[in-house]
Each structure stands twice: as C-alpha cells, then as structure tokens.
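In: Return a 3D structure for these sequence lines:
(2 chains)
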Protein chains: 2
Amino acid sequence: MKVVVIGGGAGGLTVASNIRKYDENAEITVVTTDSHVAYSPCAIPYVLGGEIGSFEDIIMHEPEDYKEKGINIITESKVTKILSDDNKVEYITKENGNDVKKTAEYDYLVIATGGASFIPPVDGVDLEGVFKVRTIEDGEKIKEWAKKSSKVVVIGAGAIGLETGCELKELGLDVTVTEMLPQILPRSLDPDMAVKVQDYMEKEGVKVVLGKPVEKLIGEERVEKVAVGEELIDADMVIMATGVRPRISLASEAGCKIGRWAVEVNDKMQTSIPNIYAVGDCVEVHDAITGQNTLSPFGTTAVRQGKVAAKNIAGKTASFRPVLNSVVSKIGKLELGAVGLSETAGDLSGIPIVAGRSSALTRARYYPGCKPIDIKLICNREGTIVGCQIIAMETVAERVDTMSIVISKQVKCDELVSMEFAYAPPVSMVVDPVVLAAEDACEKLKNFKN
Amino acid sequence: MKVVVIGGGAGGLTVASNIRKYDENAEITVVTTDSHVAYSPCAIPYVLGGEIGSFEDIIMHEPEDYKEKGINIITESKVTKILSDDNKVEYITKENGNDVKKTAEYDYLVIATGGASFIPPVDGVDLEGVFKVRTIEDGEKIKEWAKKSSKVVVIGAGAIGLETGCELKELGLDVTVTEMLPQILPRSLDPDMAVKVQDYMEKEGVKVVLGKPVEKLIGEERVEKVAVGEELIDADMVIMATGVRPRISLASEAGCKIGRWAVEVNDKMQTSIPNIYAVGDCVEVHDAITGQNTLSPFGTTAVRQGKVAAKNIAGKTASFRPVLNSVVSKIGKLELGAVGLSETAGDLSGIPIVAGRSSALTRARYYPGCKPIDIKLICNREGTIVGCQIIAMETVAERVDTMSIVISKQVKCDELVSMEFAYAPPVSMVVDPVVLAAEDACEKLKNFKN
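Out: This next block holds a predicted model:
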C-alpha cells in the first residue's frame, strides 16, 4: 500500500505515524513545503516572549525521526497538482540546489495542507516590518525585528494576536492591539467574558482599540504608521493576526468536493474521492450543538482526525465525531478557555439559551495562591449544558476538559450540581466553581419556566 | 417549622443555611460540641506546615454569621439524648460557667454528628505527646508540641497522616510514617500507584515503615518510643492518623436503623424515622460502581447531602446519588487523586478490570514548569471506565473531576479517546495524558478479547 500525505503538520504526521502502527509494510511519503516538521505553531508567541528558550525547543521531531519509522519526509517541496484519475501527485523539490519536478504514486492520498494566514487586502501589508505568526520562520523574523523596534501594532484580537501582543509587551515593547469587531476574542468568548480579559490586558499595559477596521499601513520601505478607523497609530512593527483560511486549492483542483468553508469529508475523513482523505485545518466538520458545518482549526482536532483517517486507510473502522471546538489560551498570566456554544453563537443560530455564572476561587479562599475564577455556563431551555467559558490564572484547560465531557454527554445543569468534584483546600473549593455556575443556571431556568 | 441540627460541620451547617434559603420562617437550631463552626478540618495539616498562616484563617464563618441569618448556633454543647417519640432532644450547655441541661423541640431533626478519630486500643495512647488530627484544638496542641519536638512518628498512612507527616517534615522534624498494611494510601490508590507517592515522600526525607502494626507507645509521662512490629522508633511526638469512625450512638439510641457501617438513610437522606434526617460522616451511602454500602467521609459529600436533606425537609424534592468517592490530597508538593473503583477494590468485589496507564506531562514538554503526571485508568471488561488514579505536581483535582463525570456517565475508553481536550502549549499536551491512558486501556481490552 502506497500512501502519500501532503503536509507535515499535526494532521499529516499523525496519519503517517498511525498508518505505520497498523501496517508495517505501507510505503508512506509526506511532502511538505516547510523546512521543519512536527513543531507547535501555537508555541511561537511564547518563544517570542522568552518563556520558551528557542525555536529549536518547539520542534518535537526531525524528519530523521520519521525516516527511522520508515516514513519518507520530503521537506521544502511543493505539491503542484493532484492527478486523481491516475492516483499520483506532481511536486517540485530541490536537488543540488535546483528545482526538480517529480511525481509520486499513491493508493491513498491524504490532504493535510492546513491553513494560510489571511492578510486583508489593504495598502501597505507588503512593507518591511509587517509579519504574520504562522511558521517558525515567521517567528524568527519577528524576534529579530522586535530587537530594533519599540512600537508594535497587532492587528486582530483573536487568541494568537493577544498571545503575541502580551508576549511582546513582556519584552518591553509598546503594544496596541486593534480589532475590527467590538470585542476581543470574538470567536471564543461572549462580550461579558471578553471584557474581563481586556481589563487584564489593559492593566498589563497593552492598549486595545476595538470596533475599527485597519484602513492601511503607511510607510516608505518600513512600516511607520497604521491607520485604524480615523486614528493613526505609530508603529515600527505590525503583526497581522487576521485569521487563517483553509488551503483548499489543491483539493479543489483535484475534484474533491468543497463545502461551505473547506474540503468536505465524511466521518471517516474521506473526501468525495474515495481514496483521497483530508484532515486538519483544510477540512470542515460538523458542530455538535448547532449541527452546522464549521471549521475546527486546532492541533488537537488535527490529531484526532489523523488517527481516524489512518485507521480507515488501514482497513479498520473509526469515525470522527462532531466538534465542540474546545479551546484554551494563555495571555500573559491569564488563562481563558471555551467549549461548545457561546451566548452569541446561540443568538446567531436561533438557539434560546440561559446562562449561569460564578465568580469564585481556584482553591480554598484561605489557601495562599488561590486565584479568582470566572465561569459562564450556557444551557438550552431544557437545562442541557451546551457551552462554557472560563477565565482564571490557573487550571482553566482542565476545567474546560471537564465541561467538554459534560456537554458531550448532554448533562443537564441540575444533574451537574449533584456530581462529585474532588476537594482538598490546597487545590480546590469545597463547592466547585462549576457547580456554583450550574446552581445559578438552575435558578435562572426556574425563573424562565415560571 | 422547627429544625434541630446536631453537629456544626460541613453537613450540619449546609442543611441549616439551605433550609433558611427555602423557608424564611423556619426556626433553626444547631447544637455542636465544638467551640468553632464552619472550619475546614482538611486544612489543619497545612496550618501546621505554615502554608496557611493561622488556625483563625481556616474558620470560614463565626456562629454570629449564622445568627444574622436567623440560625441559632449553640456551641460547646452536647446532645445527650434524642427523644424521638416526643420530637425533642436533651442537651447540656454552659450557662455562667455551669453545666445546664436543656431540651429543644423539633419538627425535623438532622443528625450530623460526623466521625470521631479511631484510636487503636494499644498501650500508651494516653501518654503526653500523642495527638489526633481532627479539630482546631488538636491542631493547636500539635503546633505547640512540635516546637519542642524533633522526632515524630505518624501512625497511619492515609491522606491525613501523610499530609501531616510531610508538613511536619517541612518544619524540620524527623518524621517516620508507619502503616499496618503493606502500602501507603490503601483506601485511595493501588499499590503500583501508591509506591510512586512513597518514592516522593522518601526523597523528601520522610521515613516510611509498611506492613507492621503499632504494638505500643512507650514512655513515662511523655511518649518516648513507638514499638512497630519488632522495631522501636524514638519519638517525642506521635500523631494517631488511624482513621475515623462514624459517630452513631445518638442515632442508634434514638431508634434510627444502623446499616453495615453507619446510619442508614434513603436517597432523601431520611433515616428509618421519617422526621429524622442524617448527613455527613455519620451515614452510609451506596457505591455507584459496586452497589455496596460504603462510607463517604468527605466535606464535599457532606455538603451535597446537606443540600439534598434541606430540600426534602423544605418540601422540595432532591435525591442523593450513589458515590464515586472522588478524593484529592496534597502531600508536600505532590498531588494525588482517585475516583471510582481501584484495581484492588475490583478484585475484592469480584469485578474483573483492565487497567490503562500513561506517564506523560502536564504541559507541552518544552514549556518550562511542565510536570510529570502518572495516570491509571480502570475499565471493566466491557470497556466502561469505572475508576481512575492520578499523581502529579499540579492539576490533579481538575483531572479527577473530569474522570468523575466520565465514570458517572459510563463513558467507554474508546469513546473517551475521541473526546475533546483543550490544547495550548503553556497549559496542556496536544494529546491529553488521560487520552493516552484510555488508548492504552483500549489496546489491553483488545488483547483481552482476542
């Protein structure tokens, strides 16, 4: 069995190494444009800020590690065409410094082309000093440029923009984050929760400009100013954190069906062409709550999809379930996470919701180091928990995981109240903050019913 | 409505304040032998070690706080008899320094008498320098005595013994923990997990003696030596951490049915006498996995039971569900937790189990401060997850909570593998350690089935 994988990120490499687990004879080839494989793009902001020592550290494996497993990794090479009728791909690779065109045959092809940074079409985005945050190379360039900069504007207040902004602030730069929408983290948090994160960032000295699109970047060769709404902000460095778009052109040209947002796959991660699979940021999936098609551009999703695709290619059965899009981010010292439906998304999808809230502590109140925690729990009108947002200085990821299971198993808020949460003063409260939020939701549901 | 509550711990006070929520006219009286109410006995070890500044800090409320809510708290007073036919209790209280016998009438009585330290009947337990760890008074005595001590023997290697032992070691004392059974933490962890905690403690300099009962304590007035098996260990201080027994004599004399371990209650927390309820360490409950009667002597259980009892007394409906006995403890800097069935308990109950294991990290391996984590996940032969044990330096409680929901909702290990865990390098691994343990369990189940 010959398997070709296009893309060396979390999705592609998971497929490759999992197929190897099930089939020791499969010929597996991974073609990637990148010079590195198996690194963590999500870690780039923390290398910039110095928490992580170097970009070397975030490379989990070298191509040689895969070669030892009999997986052939072809780096810095670009697949130019999928010939789906002939079951082969054409790619351009470097040999002795020259571009060489080659082909590779496959029985199964896996498209794991990921996403590309979306750069809005405004004047000046090609000026020197304007960066995106996607690859290690991007990170290295930012780190160099930051050394000779003092004022940075981050365009886009999603997680990557805020993480990068806070880390550059840590380095002593003057940081302004701008966002077109009227709140930060519009995809993860409701406005009432987002404002808590904004307060934290502003206390840390990061300026936040909301509700204004970037009009243009101004400068001769280097960027000098950013025009945001009617404001002109001085900048000797700009980070474009304006989102990521699925890379779908190869799949589309090959004849794979494209859905509303990205490559369409079934729950086996199979595209409309039976021997072509697709995983990771380039595919669209189903939202477990709304049932609608959505993107799930997260490393964890790519890994779970990669495992499912590998099993199916190896003749086993596995299916990928609709997503809750559970996320977590660390912005400065603050952690925030979300899973399932937000109130905003509920409104947009026409799903009436009830929100329960708690503001409590991560440990017993008398235990040194206990931190404030804010929880917003979203139920539908039947009381079934469908979403949760959490902000605290610690233990947010693990609590989001708990809520991911709760939502996945369709637990109702009055059932959650009766469930067991472990208690010891140094590590938890006798009544967990999640239970307090669920109790609040129960009260509100009662008022709603009366 | 007149309600009398016997006991001012977590269970009794939760009943009292929750009845007040539902019924503003109820006459509520709490009678307690203690001079404090609403403190956290679980926090006593951490005051000893100095993490928490003083015993004052762990008192959450004063009797006056309850009086403001119209709850009458009678401290340092002992109920001597329940006259269940007449719906009243007799108690002895202090007035102007004199013991006075009084009675209180009730429509509903709540027995929340808790547990008492079990002291094994060996010679020397009455010597000076021998302490239990139950009340603030115990803690204060230990703290004083520790100042003039250098060698302490802790008898009993349950959580309270180990927590206390490690905290006294922190103060610079020479500490030996002895345990009759062949492992530490026999109620919470299987031997293979317990040994990891033991290794940690021994590295911290705590001596551990296993598999030997205490024969006697030796000394003139003060304790000087402890005879453990054939060993004689020098000691100028002994902590008896030999367990807690439910206080059931008042309930029993009143005619409430006593079960295998403690006061029998139905799922409304009602005893065999319809207007007498019981909550907390003095009752027995059902184990959710084995179905057997068991104890659940934890603050969180008492609080949940208190809420259920209060609702039922106030004419609402609520039921207490069978327990998974989810626990967490912090021993030195190490956290350990468990929920549901252990392998040992499975063997004892005749439930065949399969264990999945993982040894991983709490955060991305390149992120500074990531800590090793060990997980043991227990499934039954159908693959349903029925138990979990976790050891790490951080985030154990929250992960135990996740597994508590997993077990409660009867998730199978192959379903857990497909569930979402949030990822960001500073706070988690791209594949969660729990998922790794579930994958291991899936493999083992397959081998078992083949």
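
In: which ones are touching the closest residue to chain B within the stretch 301-450 of chain A?
Out: Nearest residue of the stretch 301-450 of chain A to chain B (CB to the nearest CB) works out as residue A:398 at 3.3 Å. C-beta here means a position set from N, CA and C on the backbone, and glycine is covered the same way. Applying CB atoms under 8 Å, 6 or more residues apart in numbering or on different chains, we find residue A:398 in contact with B:395, B:398, B:399, B:401, B:402, B:428.

In: at 7 Å what do you get?
Out: B:395, B:398, B:399, B:402 (CB atoms under 7 Å, 6 or more residues apart in numbering or on different chains).

In: quick one: residue A:310 and residue A:143, what's the gap?
Out: 35 Å (CB to CB, to the nearest Å).

In: do the same with residue A:361
Out: In terms of CB to CB, residue A:361 sits 37 Å off from residue A:143.

In: In stretch A:253-270, which of the residues would be classed as buried?
Out: Going by neighbour count (16 or more other CB atoms under 10 Å in any protein chain shown), the buried part of stretch A:253-270 is A:254, A:256, A:258, A:261, A:262, A:263, A:264, A:265, A:268, A:269, A:270.

In: before we move on, what about stretch A:219-228?
Out: For stretch A:219-228, by 16+ other CB under 10 Å, it's A:219, A:223, A:224, A:225, A:226, A:227, A:228.

In: Check stretch A:19-38 too.
Out: Buried residues in stretch A:19-38 (16+ other CB under 10 Å): A:19-20, A:23, A:26-34, A:36-38.

In: count of residues packed around residue A:80?
Out: By the other CB atoms under 10 Å in any protein chain shown criterion, the neighbourhood of residue A:80 contains 12 residues.

In: Chain neighbours aside, what residue packs nearest to it?
Out: residue A:90 (5.1 Å; CB to CB, 6 or more residues apart in numbering or on different chains).

In: and what of residue A:376?
Out: Nearest residue to residue A:376, sequence neighbours excluded (CB to CB, 6+ apart): residue A:389, at 4.5 Å.

In: ditto for residue A:416
Out: That would be residue A:438: by CB to CB, 6+ apart, it lies 4.3 Å from residue A:416.

In: Could you give the average pLDDT over the host helix or strand of residue A:377?
Out: Assigned by DSSP states H and E, residue A:377 belongs to strand A:372-380. Across strand A:372-380, pLDDT averages out at 98.

In: Just list the residues touching residue A:366, thanks.
Out: B:52, B:57, B:58.

In: so how far is the helix ranked longest in chain A from its chain's centroid?
Out: Counting residues, the longest helix in chain A under DSSP state H turns out to be helix A:433-449. Centre-to-centre, helix A:433-449 and its host chain are 30 Å apart (CA atoms, centre = their mean, to the nearest Å).

In: repeat for stretch A:265-280
Out: 21 Å.

In: Then stretch A:107-124?
Out: With CA atoms, centre = their mean, you get 14 Å for stretch A:107-124.

In: and the end-to-end length of it?
Out: 45 Å (CA to CA, to the nearest Å).

In: Same check on stretch A:290-299?
Out: 22 Å.

In: how near is the residue nearest to residue A:416 to residue A:385?
Out: 7 Å.

In: which residues do those two both contact?
Out: Common neighbours of residue A:438 and residue A:385 (CB under 7 Å, 6+ apart) are A:377, A:413, A:416.

In: Quick one: those as a markdown table, columns for neighbour count and distance to residue A:278 too.
Out: Output for those, formatted as a markdown table (neighbours: other CB atoms under 10 Å in any protein chain shown; distance: CB to CB, whole Å):
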| residue | neighbour count | distance to residue A:278 |
| --- | --- | --- |
| A:377 | 30 | 34 |
| A:413 | 26 | 37 |
| A:416 | 27 | 36 |
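
In: Tell me the one of the buried residues of stretch A:19-38 nearest chain B?
Out: Once CB to the nearest CB is applied, the member of those that ends up nearest chain B is residue A:38, at 10.4 Å.

In: who's in contact with the closest one?
Out: Neighbours of residue A:38 in contact, by CB under 7 Å, 6+ apart: A:13, A:59, A:60, A:61.

In: how close does the nearest residue to it once chain neighbours are set aside get to residue B:280?
Out: Closest residue to residue A:38 apart from its sequence neighbours, by CB to CB, 6+ apart: residue A:61 at 4.0 Å. Using CB to CB, residue A:61 is found at 53 Å from residue B:280.

In: Please compute how far the lowest-mean-pLDDT helix or strand in chain A lies from its chain's middle.
Out: When each helix and strand of chain A is scored by mean pLDDT, DSSP states H and E, helix A:63-68 comes last, with a mean of 89. Relative to its chain's centre, helix A:63-68 lies at 26 Å (CA atoms, centre = their mean).

In: Would you mark the buried spots in the very next helix or strand once past that helix?
Out: Using DSSP H and E, the helix or strand that directly follows helix A:63-68 along the chain is strand A:71-74. By neighbour count with 16+ other CB under 10 Å, strand A:71-74 contains the buried residues A:71, A:72, A:73, A:74.

In: Just the pLDDT at the residue most central in space within chain A, thanks.
Out: Note on chain A: the residue nearest the mean C-alpha position is residue A:298, at 3.7 Å, using CA atoms, centre = their mean. Residue A:298 is assigned a pLDDT of 95 by the prediction.

In: show me the contacts for it.
Out: Each residue near residue A:298 by CB under 7 Å, 6+ apart is listed here: A:327, B:423.

In: One more: residue A:410?
Out: Here residue A:410 is in contact with residue A:384 (CB under 7 Å, 6+ apart).

In: I'd say residue A:252 and residue A:258 touch.
Out: Yes. Contact status for residue A:252 versus residue A:258: in contact at 5.2 Å, counting by CB atoms under 7 Å.

In: Please list the residues of the stretch 351-450 of chain A that sit near chain B.
Out: With the criterion set to CB under 7 Å from any CB of the partner chain, the stretch 351-450 of chain A comes near chain B through A:364, A:366-368, A:395-402, A:404-406, A:408-409, A:411, A:418-428, A:430-432.

In: what are the ranges of the helices in chain A?
Out: Using DSSP H, helices in chain A cover A:10-22, A:44-48, A:63-68, A:136-147, A:159-170, A:191-203, A:249-254, A:299-313, A:343-349, A:396-408, A:413-417, A:433-449.

In: Quick one, which of those gets closest to residue A:326.
Out: helix A:396-408 (4.6 Å; CB to CB).

In: my guess is the residue nearest to residue A:80 contacts residue A:104, does it?
Out: No. In this structure, residue A:90 is not within contact of residue A:104 by CB under 7 Å, at 8.3 Å.

In: So between these two, which is more surrounded?
Out: Higher neighbour count among residue A:90 and residue A:104: residue A:104, with 19 against 14, using other CB under 10 Å.

In: how about that one, what does it touch?
Out: By CB under 7 Å, 6+ apart, residue A:104 lies in contact with A:4, A:29, A:88, A:89, A:91.

In: Next up, the contacts around the nearest residue to the third one once chain neighbours are set aside.
Out: Leaving aside its chain neighbours, residue A:88 sits nearest to residue A:105 (4.6 Å; criterion: CB to CB, 6+ apart). Shown here is residue A:105, whose contacts under the criterion CB under 7 Å, 6+ apart are A:2, A:87, A:88.

In: Which of those fall within strands?
Out: A:2, A:88 (DSSP state E).

In: With distance to residue A:444, pLDDT and neighbour count as added columns, please give the contacts of residue A:105 in TSV.
Out: Shown next, in TSV, are the contacts of residue A:105 (distance: CB to CB, whole Å; pLDDT from 0 to 100; neighbours: other CB atoms under 10 Å in any protein chain shown):
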residue	distance to residue A:444	pLDDT	neighbour count
A:2	58	98	15
A:87	57	98	18
A:88	59	97	17
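
In: tell me the pLDDT at residue A:449?
Out: 68.

In: Any idea how many residues pack against the residue of the stretch 51-200 of chain A found nearest chain B?
Out: Using CB to the nearest CB, the closest approach of the stretch 51-200 of chain A to chain B is made by residue A:57 at 4.2 Å. The number of residues packed near residue A:57 is 18, by other CB under 10 Å.
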